[in-house]
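Enquirer: quick one, fold the following:
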Amino acid sequence: MTVPLLPGERWWGGCVDDGYQMPFASGFQRDLRSQQNNQVMPLLVSSHGRHLWSETIFAVAVDDQALTITGGAPVLAEPGGGLRGAVLGAAQAYFPPSGMVPHPLLFTHPQYNTWIELQYEQSQEGVLAYAERIIAEGYPPGVLMIDDTWQRDYGDWRFDHARFPDPKAMVDRLHALGFLVMLWVSPQISPNGRLYLDLRDQGLLVRDATGEPAIRAWWNGHSAILDMTNPAAIAWLEGRLRALETATGVEGWKFDAGDFSHYRDDDRIHVPGPAASQTQAWAAFAERWPLNELRACWKMGNRPLVQRLCDKLHVWEPLGGIAGCVPNVLALGLLGHPFSCPDLIGGGEYRSFNEHRDQLDQELFVRHAQLSALLPMQQFSAAPWRFLDAAHADLCRQAAVLHTAFGERIAALAKDAARTGIPIVRPLAWVWADPRALAVNDQFLLGDDVLVAPVVTKGARARKVLVPPGRWREARGQEVDGPVEVVVDAPLDHLPRFTRVG
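Expert: Next comes the predicted model:
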């Protein structure tokens, strides 16, 4: 299918990890069928009020004249209304708003994840020490996620008592400190022992084309995988998780994995379908908990699901680094995922973090904390007080306080997103159909009345900001009448932001 471009038309969509390349320039190509580790939606949206949807995966190529779509079953619609009309028209047609929102604490307060802080050495002692220090350092308590290796084995979703001798006492203490508690979980099953044999014999595992249980490579080795299209597998896993909630008091789950690459189109599963159907089924399972988080997803737009960006490197560059956070979060919103998290502050890709841990870029750490302060969610892991000097660590604390100050506004926008499908954070083109606005992907609007322009360039102490029509006041008092491009001071202790005043 070839879609000729209209004069001045720009397009977004497909794979969230490509957000930093949106709107697409001539020469862009992406085969969604090869995407492995992020949110993917079979949707493209246009600045001129058009959208293209396919129920199945496709490839897209862009040149100066047209979009070329290969594969899938694309349908082009022209509801009008600019970018806003394209997004909301697609939502109403294919993924209407659910009216449901994840737990409000995910928006109103910072989140804390133990992954980078403890990595593969999760323990009761380490978790409690981390939580106690969060409070001692003046950070607001919020949701605390205990990451991988809390469990006995993959599929054996019980605490490893060598590392966690009294998990209920630990959770009780975390509650007393003001935290809600989530645990890491995945659909992987370690391919040995009685549990694996039982699940195999009950037909609850994904089977390959030969009919044998599929043992697939993933970042923690090789594992079998639950067939999440099978109601019996869903009931088995939910039973395990609910029992642990009852025994310990944990409230939610970080649903990791589920990547496209873990499945094959010719797998034998309970409900026949392509590899992406398992990714979609994993997300549908997560929806049973208000406290949830996903990193890989297929479709499932406008569902009450938290979508975290793929693990960021400890680098500045937009490809894999913090400069890609804002444009990728904007892409999430345009593709029907408003409840977004820009990954762990400082970078959640642990190998990259470990490579730099003896000489962390403290400026990068602070700017990442700032850019997430006015995004829907802000998630810490590596402890600023442990890796940064006192001055930089305090700037991270200030960013956490700023997020909390805006928390009720963000939570209100989340409720509105659940009702209307309008993203919490929006590109300038959402409110201003001007060629200058179309190209901007390093600023965002929180709602329609707060304009945020994070600094994502090392050493920068000022930046250009494109201000849309209206009268706006910068946080330090400067007032401007838009549309106008201004240069704003951005010392390391400041996140440039404007509020509409007229």
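
Enquirer: scan the protein for its longest helix.
Expert: helix 231-248 (DSSP state H).

Enquirer: domains for this structure, by residue range?
Expert: Residue ranges for the domains of the chain, per automatic domain parsing: 1-94, 105-186+232-413.

Enquirer: would you mind finding the most buried of those?
Expert: Among those, domain 105-186+232-413 has the highest mean neighbour count (mean count of other CB atoms under 10 Å), at a mean of 21. The C-beta positions use only the backbone N, C-alpha and C, and glycine is treated the same way.

Enquirer: and it, end to end?
Expert: 14 Å (CA to CA, to the nearest Å).

Enquirer: list the contacts for the spatially most central residue of the chain?
Expert: Nearest to the mean C-alpha position of the chain, counting by CA atoms, centre = their mean, stands Arg308 at 1.7 Å. For Arg308, the contacting residues are 293-295, 340-343, 379, by CB atoms under 8 Å, 6 or more residues apart in numbering.

Enquirer: hmm, try it at 6 Å
Expert: Residues in contact with Arg308 (CB atoms under 6 Å, 6 or more residues apart in numbering) are 293, 295, 341.

Enquirer: also Ser223?
Expert: Ser223 neighbours (CB under 6 Å, 6+ apart): 154, 188-190.

Enquirer: quick one: Arg171 is in a helix?
Expert: Actually, residue 171 is Val. It isn't Arg. Yes - assessed with DSSP: H, G, I helix; E, B strand; the rest coil, Val171 lies in a helix.

Enquirer: let me know the pLDDT of it.
Expert: Turning to Val171, the model gives it a pLDDT of 98.

Enquirer: check Arg33 too.
Expert: So, for Arg33, pLDDT stands at 78.

Enquirer: which residue ranges of the stretch 151-300 of the chain form helices?
Expert: Using DSSP state H, counting those that start in this stretch, the helices found in the stretch 151-300 of the chain span residues 167-176, 193-201, 231-248, 275-286.

Enquirer: excluding covalently adjacent residues, which one is nearest to Arg288?
Expert: Glu238 (6.9 Å; CB to CB, 6 or more residues apart in numbering).

Enquirer: determine the longest strand present in this structure.
Expert: strand 462-474 (DSSP state E).

Enquirer: just checking, what packs against whichever helix or strand comes after that one?
Expert: Once the chain leaves strand 462-474, the next helix or strand it forms, by DSSP states H and E, is strand 479-489. Strand 479-489 sits against strand 462-474, with contacts defined as 3 or more CB pairs under 6 Å, 6 or more residues apart in numbering; DSSP states H and E.

Enquirer: do that again at 10 Å, thanks
Expert: helix 435-438, strand 462-474, strand 497-500 (3 or more CB pairs under 10 Å, 6 or more residues apart in numbering; DSSP states H and E).

Enquirer: turn those into CSV, including mean pLDDT and mean neighbour count.
Expert: Converted to CSV, the helices and strands packed on strand 479-489 look like this (pLDDT from 0 to 100; neighbours: other CB atoms under 10 Å):
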stretch, mean pLDDT, mean neighbour count
helix 435-438, 95, 15
strand 462-474, 98, 18
strand 497-500, 98, 21
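
Enquirer: do you know which of those lies nearest Ile146?
Expert: Closest approach to Ile146 among the helices and strands packed on strand 479-489 (CB to CB): strand 497-500, 33.0 Å.

Enquirer: show me what the closest one is in contact with.
Expert: 370, 373-374, 402, 406, 431, 443, 445-454, 465, 467-476, 478-480, 482, 486, 488 (CB atoms under 10 Å, 6 or more residues apart in numbering).

Enquirer: change it to 7 Å
Expert: 374, 449-453, 467, 470, 472-475 (CB atoms under 7 Å, 6 or more residues apart in numbering).

Enquirer: what of stretch 242-249?
Expert: 157-158, 167-168, 171-172, 175, 250.

Enquirer: Arg84: which of those residues is nearest?
Expert: Out of those, the member with the shortest distance to Arg84 (by CB to CB) is Val250, at 39.2 Å.

Enquirer: list the contacts of the closest one.
Expert: Val250 is in contact with 171, 181-183, 244, counting by CB under 7 Å, 6+ apart.

Enquirer: what bridges to the nearest residue to it once chain neighbours are set aside?
Expert: Leaving aside its chain neighbours, Val250 sits nearest to Val181 (4.7 Å; criterion: CB to CB, 6+ apart). Val181 forms beta bridges with Leu144, as assigned by DSSP bridges.

Enquirer: nearest to Asp18, out of the helices and strands packed on strand 479-489?
Expert: Going by CB to CB, the one of those nearest Asp18 is helix 435-438, 16.4 Å.

Enquirer: need the next SSE after that closest one, C-terminal direction.
Expert: strand 444-446.

Enquirer: low-scoring stretches of the protein, by residue?
Expert: Residues of the chain meeting the criterion pLDDT under 70: 35-37.

Enquirer: that older thread, and which of the contacts of Ser223 is nearest to Ile424?
Expert: Closest approach to Ile424 among those (CB to CB): Gln188, at 31.6 Å.

Enquirer: list the contacts of that closest one.
Expert: Contacts of Gln188 by CB under 7 Å, 6+ apart are 154-155, 218, 223, 225, 257.

Enquirer: strands - which of those residues land there?
Expert: Those of the contacts of Gln188 lying in strands (DSSP E): 218, 223, 225.

Enquirer: with just CA atoms, put stretch 444-456 into PDB.
Expert: Output of stretch 444-456 as PDB, limited to C-alpha atoms (Å, rounded to 0.1, in the frame of the first residue of the first chain):
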ATOM      1  CA  PHE A 444       6.200  18.600  25.800                       C
ATOM      2  CA  LEU A 445       3.000  19.900  27.200                       C
ATOM      3  CA  LEU A 446       1.700  18.600  30.500                       C
ATOM      4  CA  GLY A 447      -2.000  19.000  29.700                       C
ATOM      5  CA  ASP A 448      -2.500  22.000  27.500                       C
ATOM      6  CA  ASP A 449      -1.300  24.600  30.000                       C
ATOM      7  CA  VAL A 450       2.200  23.600  31.200                       C
ATOM      8  CA  LEU A 451       5.100  23.700  28.700                       C
ATOM      9  CA  VAL A 452       8.200  21.700  29.700                       C
ATOM     10  CA  ALA A 453      11.600  22.000  28.000                       C
ATOM     11  CA  PRO A 454      14.100  19.600  29.600                       C
ATOM     12  CA  VAL A 455      17.800  19.900  29.100                       C
ATOM     13  CA  VAL A 456      19.300  16.700  27.500                       C
END
